[in-house]
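Peer 1: Quick check, what structure comes out for this input:
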Amino acid sequence: MDGRLSEITDAPRQMLTHFDSQGRARMVDVTGKEETDREASAEGTINVSPDVLAAVKNGTAKKGDVLGTARLSGIMAAKRTSELIPLCHLLPLTSCGIEFTCSGDKDGEQPSIRAVCTVRNHGRTGVEMEALTGVSVALLTIYDMCKAIDKRMVIGDIHLIRKSGGKSGDFRFDPSEG
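Peer 2: This next block holds a predicted model:
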């Protein structure tokens, strides 16, 4: 075994599913897992300036329809997650959608755009990474399309908000937990 895992004891190594018994990276074998309906949603936010928010809402950004383009790029990214994240399975997605919420119209409120990506499939492994990838690329697209207006945008708070299906069951993000 090379030195990368030399400090890990046998018990924790058994919990690392992306490593074989020699400590080499591998794709997890899901052949024996039951196919179930699976769904995951992830969200993230991009903080913007009032000028960026106005351009997005009014459709006046020079590069065109910001949210429409961000939606398409996020869906395309979710479909290609296995090409971007090592060891992710190539999954046949049955549904993928991205919704946006703009806020910050009130005085003193930080202008922002929240994106939520929801992905579904019927398979042997979950779609959490696809939802996280979709929301991340959608937010990056907003940045790209609006950077000529203001480069000080901040992308953050990207996280899984819920998932269902599979052996591990349901999950809901609760910000009060940890």
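
Peer 1: Now do the longest helix along the chain: which elements does it pack against?
Peer 2: Longest helix in the chain by number of residues (criterion: DSSP state H): helix 128-146. Using 3 or more Cβ pairs under 8 Å, 6 or more residues apart in numbering; DSSP states H and E, the elements in contact with helix 128-146 are strand 36-47, helix 50-58, helix 66-79, helix 81-84, strand 95-103, strand 112-123, strand 154-164. For glycine as for every other residue, the C-beta is placed from the backbone atoms N, C-alpha and C.

Peer 1: Going by neighbour count, list what's buried in the fourth one.
Peer 2: Right, helix 81-84. T81, S82 (16 or more other Cβ atoms under 10 Å).

Peer 1: how far is that helix from where the chain is centred?
Peer 2: 12 Å (Cα atoms, centre = their mean, to the nearest Å).

Peer 1: for the second one, same thing?
Peer 2: Averaging C-alpha coordinates over helix 50-58 and over its chain gives two centres that are 24 Å apart (Cα atoms, centre = their mean).

Peer 1: List the buried residues in it.
Peer 2: Result for helix 50-58 [16+ other Cβ under 10 Å]: buried residues V52, L53, A54, A55, V56.

Peer 1: Would you mind writing the CA trace of that helix as CSV?
Peer 2: Extracted C-alpha coordinates of helix 50-58, given in CSV (Å, rounded to 0.1, in the frame of the first residue of the first chain):
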residue,chain,number,x,y,z
PRO,A,50,-28.6,46.0,-6.8
ASP,A,51,-27.5,46.7,-10.4
VAL,A,52,-27.0,43.0,-11.1
LEU,A,53,-30.3,42.1,-9.5
ALA,A,54,-32.1,44.7,-11.6
ALA,A,55,-30.5,43.6,-14.8
VAL,A,56,-31.4,39.9,-14.1
LYS,A,57,-35.0,40.7,-13.2
ASN,A,58,-35.5,43.2,-16.0
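
Peer 1: and the angle for it with helix 66-79?
Peer 2: 80 degrees (axes from the mean of the first three to the mean of the last three Cα atoms, to 10 degrees).

Peer 1: And the first one, by the same measure?
Peer 2: Counting by the same axes, to 10 degrees, strand 36-47 lies at 140 degrees to helix 66-79.

Peer 1: I'd like the helices and strands packed on helix 128-146 laid out as a markdown table, including distance to R26 and mean pLDDT.
Peer 2: As requested, those are exported to a markdown table (distance: least, Cβ to Cβ, whole Å; pLDDT from 0 to 100):
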| stretch | distance to R26 | mean pLDDT |
| --- | --- | --- |
| strand 36-47 | 22 | 97 |
| helix 50-58 | 43 | 96 |
| helix 66-79 | 24 | 98 |
| helix 81-84 | 15 | 96 |
| strand 95-103 | 27 | 98 |
| strand 112-123 | 19 | 97 |
| strand 154-164 | 23 | 98 |
